[in-house]
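Colleague: generate coordinates for the sequence data below:
(chains A and B)
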Amino acid sequence: MSNNVQEIALVLEDGSVFEGEAIGHEPESGIAAGEVVFNTTMTGYQEVISDPSYAGQIITFTTAHVGNYGTTGVDSESRGTFARGVIVRDLARRRSSWRSEEDLDVMLKTHGLPGVAGLDTRRLTRLLRDSGSLRGAFGTAAEGDLLAAARAETGTSGVDLVSQVTTPAPYTYGDGRFSVVAYDFGIKTTILRCLSDIAHVTVVPAHTSAEEVLAMSPDGVFLSNGPGDPEMVLDATRNIRNIVEAGIPTFGICLGHQLLSRAFDGHTFKLPFGHHGGNHPVRHLATGTVEITSQNHNFCVDPDSLSSVADITHVNLNDNTNEGMRLKKHRAFSVQYHPEAGPGPHDSRYLFAQFEELMEGK
Amino acid sequence: MPRRNDIHNILIIGSGPIVIGQACEFDYSGTQACRVLKAEGYRVVLANSNPATIMTDPDFADRTYIEPLTPEILAKIIEREKPDAVLPTLGGQTGLNLAMALYEKGLVGVPGTPELIGANAEAIATAEDRDKFKQAMIEIGLDVPRSGIAHDMTEAGKVLEEIGLPVIIRPAYILGGRGTGIANTMEEFAKLAQAGLDASPIKEILIETSIVGWKEYELEVMRDKADNCVIICSIENFDPMGVHTGDSITVAPAQTLSDVEYQRMRDAALACIRRVGVETGGSNVQFALNPANGDMVVIEMNPRVSRSSALASKATGFPIAKIAAKLAVGYTLDEIPNDITKMTPASFEPTIDYVVTKIPRWAFEKLPGTSGVLGTQMQSVGEAMAIGRTFPESLQKGLRSLEQGRLGLNCDPGEDLYASLDDAALLAKAAVATPERIFQVGEALRRGIGIDTVHDVTKIDPWFLDQMLMIVDERHALASVSVDSVSKSGMRRAKRLGFSDAQLAHLWSTGESDVRDRRESLGVVPTYKTVDTCSAEFAAQTPYHYSTYEDETEVRTSDRPRVIILGSGPNRIGQGIEFDYCCVHASFALRDAGFETVMVNCNPETVSTDYDTSDRLYFEPLTREDVLNVIAAETAAAGGTPPKVIVSLGGQTPLKLSGQIDAALIAGTSPHSIDLAEDREKWNQLCESLSIPQPPGGTAVTLDEAGAVAQRVGFPVLVRPSYVLGGRAMQIVHDMSALERAMEQLAADGSLGKEGGLSAERPVLIDRFLADATEVDVDAIRDHTGEVLIGGVMEHVEEAGVHSGDSACAIPPQTLPAWVVEVIHEYTSSIARALDVRGLINVQFAVLGTTVFVIEANPRASRTVPFVAKATGVPLAKVASRVMLGATLRELREEGLLTPPVSGGHVSVKEAVLPFNRFPEVDTALGPEMRSTGEVMGIDKTFGRAFVKSQTAAGTVLPSSGTVFLSLNDGDKPAGLVVARRLRALGLGIAATTGTAAYLQKFGVTVDRVVGKLSEIEGSSMDNAVELVAQGEITFVVNTPHGRGSREDGEAIRKAANSNRVSSVTTVEAALAAVNGLWEQRESDDEVCSLQEYHGR
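Modeller: Modelled structure (predicted):
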């Protein structure tokens, strides 16, 4: 209501100012800063907010109403939140769902995540689309301070964000028939759930060496999603190459796809404003069919750089960027998008079965 | 998989007349399909009986058959045109049913016959047959509501054991859902089951798991040949299960589903379309969700483009019908570019950054006797859609779009209705789904009745209720300030919640203009956002806009001359597709002539709200505020040059706004002339000065004035409000007490701001009623040089007193002497000149003996414009729109747009289609208040044949055997004698009421059965007409009403005919035309012929 609204501003590095109202956690500094990106999914705000891949970023939801069905523990994609903030057009005052346990606002506060509501998210999205992702800051601080904070942000290029989100110690998950070691670069719970149908999973920290992994003699290795710049996950590529060359079936998703590609000398580059949503069409080249996919990445693999080592398996039909590959000489494949969904469509869950077949030696 | 080259010639089946449940959306889908397939190089053959559609414009197909949509006629078209394929999935339920009928006759879908594309017969059968569908869903692991049939209490108990409480019990063969009830306890079950068995004539009840109160959702799915499937839109019903989705307020995207639930529903929808086997195109799958535990059942699926797909198309910008047509001829989704982004393919799922609310519009006020309670059968006649950035904004915009006198969610004069109700009474009312419920819920929240209480009573999701409460809370805050003291942020908050200036004016007891001035001075003006399918992820190429109060507006600038065309809003009885046809034609013609055309409308069913009909589309309410805002936005985008505005093509809706718009901007006839025709006194003077006779009459604001007028001109009088279409509240009044009742009703409507209500500015018109006169309608165009083009002279089949919209009419006139037609030409030209018309004018005449009376003139497009265009081949609406923007008829002739009318060789008959089969409790007698929802056209070489075709097309089954029942008032008896002779000659039996029988027998006509009047048969052995009809002894009914008062007998017979699906006519003129036609048909069978052939193209 009007009397307890805290009016705050969002300022972008280019000097654009947006007016809104504070929601969620109120940082003591009066400033929340990060790289501003937008996500176009219409359902699944809780999954998005709890996805570690958003580390370092402020998430703008393009859908009009957020928080309508509250939040529930089982829908969280990780143990906490790693984003820097959320921006919504409208935050529900009252939640309604038989599944819900608490309000989204409570979740934001619990996890110390600041947010801003009521601003023209469409204007913001158009700006990000046209100029690419921008650094930004919002809060109660003066506009000048917010601008300075935005410009002081490092963005996500050239920053190691994975070490902020990876598990500090190994743990196990599920009891499927294969044994899989999953590298946690920022792994989502839904991925673990999908893997657990086929494997008992040992989740290991991002820096775990190939030797340690091979010592566990897994049936397969999984390379998870995660935030930021693949170039900055320094020893991962060497570890991955060693594992793959040791003949271990390997499956990568998102950052895992970028790292597997880089392990075999592929190049990655940053997209202007990334892909964040649940509606991207991807062609599965083997069948020619189109899958509607969940996506969340700013960096992308240059398919030409892979031409000698890998076959391209999936292509994004919106912008023809690479969405998947399979190594020619090794038992390893990966996709840029999120077949596990959470949130998003389930069209691509067959990839987990494909991983299972790879481990079966088919 | 590119375009199929093995087919060349495709027959598209249209959906026929506008009826409840099947409206303009199928013109929209059919028009898109025709355009796409023609552009792809196919030869397109179209069959549709509805002349008011844009798809039946002869430019949209290679061969257009305006013929009755029956399997027999379609078989003739197929024989004549030899199509390779038939596309049945864009013509609604009618299209599907016809395809199945043709398939069963072995005429399509089997080797050696045209292929069924879109959906094959098996897929249609799987989706349409309830048992097959349920079986199919269970097979793929989806739940359906369980049900069973019982014939006695023992069976009923067994069914209940299987499915468990709560259950809904429906007696079989009971119309209108009477006897249906929900049992939550064993006691209720025992009572309802027994009552249901007793009520059912065949002692059968259907017992089904009750999912009343569950949340209802729809998903729009598309599938291509390569099995790519996408969801175009999710829709959530505001009204829970129990109200037909067509009668529910619906919202897109779904608002209260978590991703987990949504994806489960998505998976189910995809499994459903795959299992049913719709190979290509769009389908709609409906689900119900138990709000307590998430249990989900599939309700039904439509294996075709539907009303919901039109809504989904408009809600997202994804043109489902257009894509469906491309998929049907072999393309896959990824081969088709997304029209709006141009850069990305159609194989994606639209994502939207706004909220769409659709609100139905009903016409219960025109159907006395109906309960007005919403249920599982659709009853609404139209709908408005609104787009806002949030649900409160779109809800309030939607409510004011309805044009029913409400300014938003209450906060208007209309809310006074609830003042007299205490909380309990209010909640009791809100518990029953009616058109008023949304406002009652708003009032309950305003009184502080908690969301939980309101939810318990209505089962409306608490999230929606809380969003409504935000509106109510804001209203409380606004009430503490005034128009002068409101702050900028306060004003902005109000506008962002969708408050209209008019609502604020009501709240602050000031004028709407004062609120507008204050708002503008505070700098609170709307921004226009774009509907782009992708939430701004990609740049949109298509300017499809809606207003909201944000930071940034997206209207592109340009310096071409602009024309705004104001559309006709939600469909209603009296104002429907005909006006959309005119608006769309204007847009086409003016675009061709180099104007930038801008459409404003809020009806999601229409072609006018297709984003590529005009250069720009504003999906906005047609209120003063919203229209002035669009004019301002367009002026700003043109660097300060204001656009021209067309107000005279969209019916009464835009015409009512003409006085509110700067007169200099209005294209065509000036607002002054419009007012001159509408203002009774000025009009009388004008007719007098032109020496054109009028029936004597006058205007009245009070009952005394009305009485004085009636005394002066003599009863019976015709009483009608000013500024309405469709004869709203119009009646023929025979005496003083009836006049009193009529005036009271009009005054009550006026105080509530209802359409047709009486007020000082809108007096009632009272005229002497010309009984037995022949009515004539003329559509004409006058240009600025003074040249007048008579588009068409239509002679009504029914006598004066039946509303022109409900009357059949013929071009050319069939009984008028040539000199009378000439006089009508003269009068029309003279009136057009006197009113300085620039564009269309419609004049209504009544011919009595040798006198031609003028009844009224309207310098605007009329309902008959598309019919005249189809009958004569002259594109009247296109010509008129050019004339309105300054072209002369001569220039248009030289340009080739205006060609001479085609005449001779054929007769065209327009017939009205009435909604009575949905309302068995309503008297079917026609009167001065229009009640038809749509129209059909019959064309043939003679009047009789054309008339019979029009009846067949309208669904009237003319008798070929059996007994015809005649009951005629005295004035109709001579004509009735002719009818009876013809019936006899056709070999039909005759039953007649005592009076009619005696008359016929006097002239030697054999009457097989004499039927008593209800009052006579008590205690006698005479047959009862109602029983004869119910027993199926009567195949056709001719029953003409006996004036007001003593019509109960006739009413009972007409109702019996209606509820037993026996066709009837209620005028002797229609009966004459019908028997004459049947007589001709006996000589040689019907033939079909395309419009292009009639027009000599």
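Colleague: what residues are up against residue 13?
Modeller: Since no chain was named, I'll use chain A. Counting by Cβ atoms under 8 Å, 6 or more residues apart in numbering or on different chains, A:Glu13 touches A:134-136, A:147, A:150-151, A:153. Heads up, the C-betas are built off the backbone N, CA and C, glycines and all.
Colleague: that's the other chain; I wanted chain B
Modeller: Contacts of B:Ile13 (Cβ under 8 Å, 6+ apart): B:47-48, B:69, B:74, B:86-88, B:90-91, B:94-95, B:98-99.
Colleague: can you count the residues close to A:Val88?
Modeller: 26 (other Cβ atoms under 10 Å in any protein chain shown).
Colleague: just list whatever residues bridge to it.
Modeller: Counting by DSSP bridges, A:Val88 is bridged to A:Ala117.
Colleague: hmm, back to that, closest to B:Thr31 out of the contacts of A:Glu13?
Modeller: A:Leu134 (43.2 Å; Cβ to Cβ).
Colleague: was I right about the closest one contacting A:Val37?
Modeller: No - here A:Leu134 does not reach A:Val37: they are 9.2 Å apart, not a contact under Cβ atoms under 8 Å.
Colleague: what's the overlap in contacts for those two?
Modeller: With Cβ under 8 Å, 6+ apart, A:Leu134 and A:Val37 have common neighbours A:Leu128.
Colleague: once you drop chain neighbours, what's closest to B:Met736?
Modeller: B:Gly707 (6.6 Å; Cβ to Cβ, 6 or more residues apart in numbering or on different chains).
Colleague: hang on, the earlier thing: sitting in strands, which of the contacts of B:Ile13 do you find?
Modeller: B:47, B:86-87 (DSSP state E).
Colleague: hmm, back to that, more crowded one of A:Leu134 and A:Val37?
Modeller: A:Val37 (25 against 20).
Colleague: quickly list what that one is bridged to.
Modeller: Bridge pairing for A:Val37 - DSSP bridges - gives A:Ile59.
Colleague: do you know the pLDDT at it?
Modeller: pLDDT for A:Val37: 96.
Colleague: same check on B:Met1?
Modeller: pLDDT, B:Met1: 67.
Colleague: what's the burial count for B:Val598?
Modeller: 29.
Colleague: and A:Val213, helix, strand or coil?
Modeller: helix (DSSP: H, G, I helix; E, B strand; the rest coil).
Colleague: against chain B, how distant is it?
Modeller: According to Cβ to the nearest Cβ, to the nearest Å, A:Val213 and chain B sit 32 Å apart.
Colleague: pick out the residue of chain B closest to chain A.
Modeller: The minimum distance from chain B to chain A, using Cβ to the nearest Cβ, falls at B:Asp259 (3.3 Å).
Colleague: just the element for B:Asp779, please.
Modeller: strand B:774-782 (DSSP states H and E).
Colleague: name the helices or strands packed onto that strand?
Modeller: Taking 3 or more Cβ pairs under 8 Å, 6 or more residues apart in numbering or on different chains; DSSP states H and E as contact, the helices and strands that strand B:774-782 lies on are strand B:788-799, helix B:818-834, strand B:839-848, helix B:876-884.
Colleague: can you point out the buried residues in the host helix or strand of the residue nearest to B:Met736?
Modeller: In this structure, B:Gly707 sits in helix B:703-713 according to DSSP H and E. For helix B:703-713, the neighbour count (16 or more other Cβ atoms under 10 Å in any protein chain shown) marks B:703, B:705-707, B:709-710, B:713 as buried.
Colleague: low pLDDT regions in the stretch 901-1050 of chain B?
Modeller: For the stretch 901-1050 of chain B, applying pLDDT under 70 flags the ranges B:1014-1022, B:1042-1049.
Colleague: can you pull the residues of it lying near chain A?
Modeller: The stretch 901-1050 of chain B has no residues near chain A, with proximity defined as Cβ under 8 Å from any Cβ of the partner chain.
Colleague: show me the shaky parts of chain B.
Modeller: B:1, B:173-179, B:723-727, B:750-761, B:1014-1022, B:1042-1049.
Colleague: same question but for chain A, I mixed them up
Modeller: A:1-3, A:362.
Colleague: can you show me the helices along it?
Modeller: Remark: helices assigned in chain A by DSSP state H are A:45-49, A:104-110, A:121-131, A:143-152, A:162-165, A:189-196, A:210-215, A:236-245, A:255-263, A:350-360.
Colleague: okay if I get these as TSV plus mean neighbour count?
Modeller: Shown next, in TSV, are these (neighbours: other Cβ atoms under 10 Å in any protein chain shown):
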stretch	mean neighbour count
helix A:45-49	27
helix A:104-110	19
helix A:121-131	21
helix A:143-152	18
helix A:162-165	20
helix A:189-196	22
helix A:210-215	15
helix A:236-245	21
helix A:255-263	29
helix A:350-360	18
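Colleague: take those and lay them out in JSON lines including distance to B:Ala861.
Modeller: JSON lines is the format used below for the helices of chain A (distance: least, Cβ to Cβ, whole Å):
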{"stretch": "helix A:45-49", "distance to B:Ala861": "48"}
{"stretch": "helix A:104-110", "distance to B:Ala861": "51"}
{"stretch": "helix A:121-131", "distance to B:Ala861": "37"}
{"stretch": "helix A:143-152", "distance to B:Ala861": "54"}
{"stretch": "helix A:162-165", "distance to B:Ala861": "65"}
{"stretch": "helix A:189-196", "distance to B:Ala861": "57"}
{"stretch": "helix A:210-215", "distance to B:Ala861": "77"}
{"stretch": "helix A:236-245", "distance to B:Ala861": "70"}
{"stretch": "helix A:255-263", "distance to B:Ala861": "60"}
{"stretch": "helix A:350-360", "distance to B:Ala861": "56"}
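Colleague: right, and the ones you listed - which one's nearest B:Pro253?
Modeller: It's helix A:45-49; of the helices of chain A, that one is closest to B:Pro253 (Cβ to Cβ) at 13.0 Å.
Colleague: and the stretch 251-362 of chain A, which of its residues are near chain B?
Modeller: A:277-281, A:283, A:288-290, A:292, A:317-319, A:341-346.
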